[in-house]
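Asks: no letters, just coordinates:
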């Protein structure tokens, strides 16, 4: 079974440009999460999808970030326009659907390293 | 606010030594996971352990939820164990809150 995959693995863009990151979760996982680690800081939650719906987007830093999950399969995270402070590693994770209050293990992708110059 | 603290921040050991990494958290948890971030930056799942004790080869973990801490034990360390170890907890919603990590360096 394939794990969580992310594309691209690296992206270098100039300030003001647009970048779109993609995440493919583990097949059958309804929950999809985005996290990021900016330089020197801890890994922080951005948002959570359940199928195609945004369950929690409390971690999105500002309206330059737009996440979508059309059809409840893969997800994209667009940064427009990118700023220097957006540099870091963006991780995607997925987990099984929750039932009756059970919480399932999250599996992480390899991350996309974004550098804004 | 909700906090996850890991100690020590850095640990340097000789190959073959044993180590204990600690994770303290500020509230009751629904889920606790340990990860190893390898030199390529990938987060590798080690344990899903909201309570109790689990073992996987040279690694084991114990979470005492009532006392709000978890321990990760690494025995007979190898150079491939080097990297950053993260503890992450779910405090009742679905998002994971990560600690700042312990950087482990194993010297041959």
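Replies: Now that the structure is in, tell me what you want to look at. Remember, it's a predicted structure, so these values are computed and weren't measured experimentally.

Asks: give me the element the residue nearest in space to the middle of chain A is part of.
Replies: Centroid-nearest residue in chain A: residue A:34, 2.8 Å away (criterion: CA atoms, centre = their mean). If you go by DSSP states H and E, residue A:34 is part of strand A:31-38.

Asks: return the residues of chain A in contact with chain B.
Replies: Taking CB under 8 Å from any CB of the partner chain as the measure of proximity, chain A contacts chain B at A:31, A:33, A:35, A:42-45, A:48, A:55-56, A:58-59, A:89, A:91, A:93, A:95, A:98, A:103-108, A:110-111, A:113. Bear in mind the C-beta positions are built from the backbone N, C-alpha and C, glycine included.

Asks: of those residues, select the buried ones using a PyMOL command.
Replies: Per 16 or more other CB atoms under 10 Å in any protein chain shown, the buried members of the residues of chain A next to chain B correspond to this PyMOL selection:
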select buried, chain A and resi 31+33+35+42+43+44+45+48+55+56+59+89+91+93+95+103+104+106+107+108+110+111+113
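
Asks: which ones among the residues of chain A next to chain B map onto helices?
Replies: Among these, none falls in helices (DSSP state H).

Asks: let's see which of the residues of chain A next to chain B end up in strands.
Replies: A:31, A:33, A:35, A:44-45, A:48, A:55-56, A:89, A:91, A:93, A:95, A:107-108, A:113 (DSSP state E).

Asks: by contact count, what packs against the strand holding residue A:34?
Replies: With contacts taken as 3 or more CB pairs under 8 Å, 6 or more residues apart in numbering or on different chains; DSSP states H and E, strand A:31-38 sits against strand A:44-50, strand A:75-79, strand A:88-95.

Asks: off-centre distance for the longest one?
Replies: In other words, strand A:88-95. With CA atoms, centre = their mean, to the nearest Å as the basis, strand A:88-95 stands 5 Å off its chain's centre.

Asks: can you add mean pLDDT and give the helices and strands packed on strand A:31-38 back as a markdown table?
Replies: Putting the helices and strands packed on strand A:31-38 into a markdown table (pLDDT from 0 to 100) gives the following:
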| stretch | mean pLDDT |
| --- | --- |
| strand A:44-50 | 95 |
| strand A:75-79 | 98 |
| strand A:88-95 | 96 |
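
Asks: residue B:63: which of those is closest?
Replies: strand A:88-95 (18.5 Å; CB to CB).

Asks: residues near residue B:70, how many?
Replies: Neighbours of residue B:70 under the rule other CB atoms under 10 Å in any protein chain shown: 28.

Asks: report pLDDT for it.
Replies: Note on residue B:70: pLDDT of 98.

Asks: not counting sequence-adjacent ones, nearest residue to it?
Replies: residue B:63 (4.1 Å; CB to CB, 6 or more residues apart in numbering or on different chains).

Asks: A helix includes residue B:105, no?
Replies: No: counting by DSSP: H, G, I helix; E, B strand; the rest coil, residue B:105 is not found in a helix; it is strand.

Asks: quick check: chain neighbours aside, which residue is closest to it?
Replies: Nearest non-adjacent residue to residue B:105 (CB to CB, 6+ apart): residue B:12, at 4.7 Å.

Asks: do the same with residue A:115
Replies: Going by CB to CB, 6+ apart, residue A:115 has residue A:12 as its nearest residue, at 4.6 Å.

Asks: and what about residue B:66, helix, strand or coil?
Replies: Residue B:66 is classified as helix under three-state DSSP.

Asks: tell me how far it lies from chain A.
Replies: Computed as CB to the nearest CB, to the nearest Å, the residue B:66 to chain A distance reads 18 Å.
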